[in-house]
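Engineer: Structure for this input, please:
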Amino acid sequence: MTQAARIRADSRVFWATPLAVFVALAVGACAAPGPSGNDPLASPITEFDEPEHRKRARLRMELATGYFEQGRTDIALDEIKQALAADATFVPAYTLRGLVFMQMNNPRLAEDSFQRALQLNPRDPDALHNYGWFLCQQGRHAQGVDLLNRALASPVYGGQARTYMAKGVCQVRMGQIAEAEGSLARSYELDPGNPIAAYNLAQLLFRRGENERAQFIVRRLNNSEFGNAETLWLGIKIERRLGNAEVVEQLATQLGRRFAESSQWNLYQRGAFHE
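Structural biologist: Residues are numbered from 1 along each chain as shown. Model prediction:
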């Protein structure tokens, strides 16, 4: 899954619910596995030594990921089934199946899939990340953070930014605000172009009264292609707190022109800055 696709998919859920970002979408679900297919520390295989059954599973996974990105979960599940028929030990297939069941609001089957992935490879960072975020979504925050930390400890993991973000959101829900700020700040440091990390960090800083830092981040976000009703509304509240009436008016004009049907525009019109 490409970064742009992940951002688009994440945003469909994230912008609808502040601090409830669906960061579980897989970064490495279709990455080429090691010789065993399960050990991220093993040497990568090439097209010349990839077993035929693994190649079939991988190709099915690529199709499944594409359908999942498009929201066609039923077809994605069928492709995952075909991948596992070709190779029942293919960890990425179980991880993606867990994500699909999460999207379908079937937590029992999602958890079964994540657990199977980790039975096959307890060190797989993508499985650790996605199962950890799943547990956070289920209110099992301490367990979730533990798995996210295990993903972050992997020396070959390339998804630290999204995992720090998930950890920060989970810590907010646990009431660990200082710890959450550290996690979200690290995520933003690693990937400052990610609008989800930026928004979560800016909102947390605003809640903590660190208005200038929040202002810097949300202004950058509102000047990008990812600015929307949520980010404009947060910008309005920050600028209002800082006494920048002219900037508030500019942002409000954008909000009313671009998102006249949004709940944020309704809140602005009612002057409900504290809801």
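Engineer: Might you list the low-confidence residue ranges for the chain?
Structural biologist: Low-confidence segments of the chain, defined by pLDDT under 70, span residues 1-49.
Engineer: Okay, buried residues for stretch 137-155 please.
Structural biologist: Residues Q137, R140, H141, Q143, G144, V145, L147, L148, R150, A151, L152, S154 are the ones in stretch 137-155 that count as buried (16 or more other Cβ atoms under 10 Å). Every C-beta, even on glycine, is put in place using the N, C-alpha and C of the backbone.
Engineer: Would you pull up how far it lies from the middle of the chain?
Structural biologist: Between the centre of stretch 137-155 and the centre of its host chain there is 14 Å, according to Cα atoms, centre = their mean, to the nearest Å.
Engineer: and it, C-alpha only, in CSV?
Structural biologist: The C-alpha coordinates for stretch 137-155 follow below in CSV (Å, rounded to 0.1, in the frame of the first residue of the first chain):
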residue,chain,number,x,y,z
GLN,A,137,-9.7,0.4,19.7
GLN,A,138,-11.2,-2.2,21.9
GLY,A,139,-10.3,-0.3,25.1
ARG,A,140,-7.5,-2.7,26.0
HIS,A,141,-5.0,0.1,26.1
ALA,A,142,-2.2,-1.3,28.2
GLN,A,143,-2.0,-4.4,26.1
GLY,A,144,-2.1,-2.4,22.9
VAL,A,145,0.7,-0.1,24.0
ASP,A,146,2.8,-3.1,24.9
LEU,A,147,2.4,-4.5,21.4
LEU,A,148,3.1,-1.2,19.8
ASN,A,149,6.3,-0.9,21.8
ARG,A,150,7.3,-4.3,20.6
ALA,A,151,6.8,-3.2,17.0
LEU,A,152,8.9,-0.1,17.7
ALA,A,153,11.7,-2.3,19.1
SER,A,154,12.1,-4.1,15.8
PRO,A,155,15.5,-3.2,14.2
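Engineer: picking that back up, just the ones of the buried residues of stretch 137-155 in helices?
Structural biologist: Of the buried residues of stretch 137-155, the ones assigned to helices by DSSP state H are Q137, H141, Q143, G144, V145, L147, L148, R150, A151, L152.
Engineer: export those to CSV and tack on distance to S183?
Structural biologist: Converted to CSV, these look like this (distance: Cβ to Cβ, whole Å):
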residue, distance to S183
Q137, 16
H141, 13
Q143, 16
G144, 12
V145, 9
L147, 14
L148, 9
R150, 15
A151, 13
L152, 10
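Engineer: from these, which is closest to Q250?
Structural biologist: Nearest to Q250 among those is Q137, at 36.4 Å by Cβ to Cβ.
Engineer: wait, the closest one sits on N105?
Structural biologist: No: if you go by Cβ atoms under 8 Å, Q137 and N105 don't touch, sitting 10.4 Å apart.
Engineer: count of neighbours near N105?
Structural biologist: 7 (other Cβ atoms under 10 Å).
Engineer: SS state for it?
Structural biologist: Following DSSP: H, G, I helix; E, B strand; the rest coil, the label given to N105 is coil.
Engineer: okay, stretch 178-197 in PDB with CA atoms only?
Structural biologist: Listed in PDB are the C-alpha atoms of stretch 178-197, where the atom choice follows Å, rounded to 0.1, in the frame of the first residue of the first chain:
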ATOM      1  CA  ALA A 178       2.500  13.900  28.800                       C
ATOM      2  CA  GLU A 179       3.500  10.500  27.400                       C
ATOM      3  CA  ALA A 180       1.100  11.000  24.500                       C
ATOM      4  CA  GLU A 181       2.700  14.300  23.600                       C
ATOM      5  CA  GLY A 182       6.100  12.600  23.500                       C
ATOM      6  CA  SER A 183       4.800   9.800  21.200                       C
ATOM      7  CA  LEU A 184       2.900  12.200  18.900                       C
ATOM      8  CA  ALA A 185       5.800  14.600  18.700                       C
ATOM      9  CA  ARG A 186       8.100  11.700  17.700                       C
ATOM     10  CA  SER A 187       5.700  10.600  15.000                       C
ATOM     11  CA  TYR A 188       5.500  14.200  13.700                       C
ATOM     12  CA  GLU A 189       9.300  14.500  13.800                       C
ATOM     13  CA  LEU A 190       9.600  11.300  11.700                       C
ATOM     14  CA  ASP A 191       6.900  12.200   9.200                       C
ATOM     15  CA  PRO A 192       6.000  15.900   9.300                       C
ATOM     16  CA  GLY A 193       4.100  15.600   6.100                       C
ATOM     17  CA  ASN A 194       1.500  13.200   7.600                       C
ATOM     18  CA  PRO A 195      -1.700  15.200   8.200                       C
ATOM     19  CA  ILE A 196      -3.000  12.700  10.800                       C
ATOM     20  CA  ALA A 197       0.100  13.000  13.000                       C
END
